[in-house]
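> with the sequence up front, the predicted model follows.
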Amino acid sequence: MKIKIMVLAGFLGLGSVLYAAKPAGNSGSPAPATASASPIREDEDPEAIRVEGEKRFRANCSRCHAAPHKFPPRMMKTIVRHMRVRATITDEDMRFILAYMTQ
């Protein structure tokens, strides 16, 4: 009897972990919000890059995070790369957000 209870508890625990790991209402690959589809160019105005980065921060990051804190650029790059994976942010969004966060 104890074995049956332990097996049942294990299955319930595994099921709850799998349920929690699955995003709600996700029927396909996630599509993060982006402000526009323009890539960062070397000759582009730094102010325009900052504004675009702020838009993308507001669209992707502000759901969970308040206004950005100032961290050293190396640390900020690590943080943004980590959140790119966790929040399914595109590479382009990550570059704009990183440019915004390090200015």
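Sure, I can see it. Owing to the predicted nature of the structure, the values given are computational and were not obtained by experimental measurement.
> list the helices and strands the helix or strand hosting Arg58 packs on?
Assessed by DSSP states H and E, Arg58 sits inside helix 46-60. On a contact count with 3 or more C-beta pairs under 8 Å, 6 or more residues apart in numbering; DSSP states H and E, helix 46-60 meets helix 91-101. Yep, even glycine has a C-beta here, placed from its N, CA and C like the rest.
> ok and the helix it packs on relative to helix 46-60, angle-wise?
Put simply, helix 91-101 runs at 110 degrees to helix 46-60, going by axes from the mean of the first three to the mean of the last three C-alpha atoms, to 10 degrees.
> pull out the buried residues from helix 91-101.
Across helix 91-101, burial judged by 16 or more other C-beta atoms under 10 Å covers 92-101.
> with stretch 58-65 instead?
59-61.
> where's Cys64, which helix or strand?
Cys64 belongs to no helix or strand, assigned by DSSP H and E.
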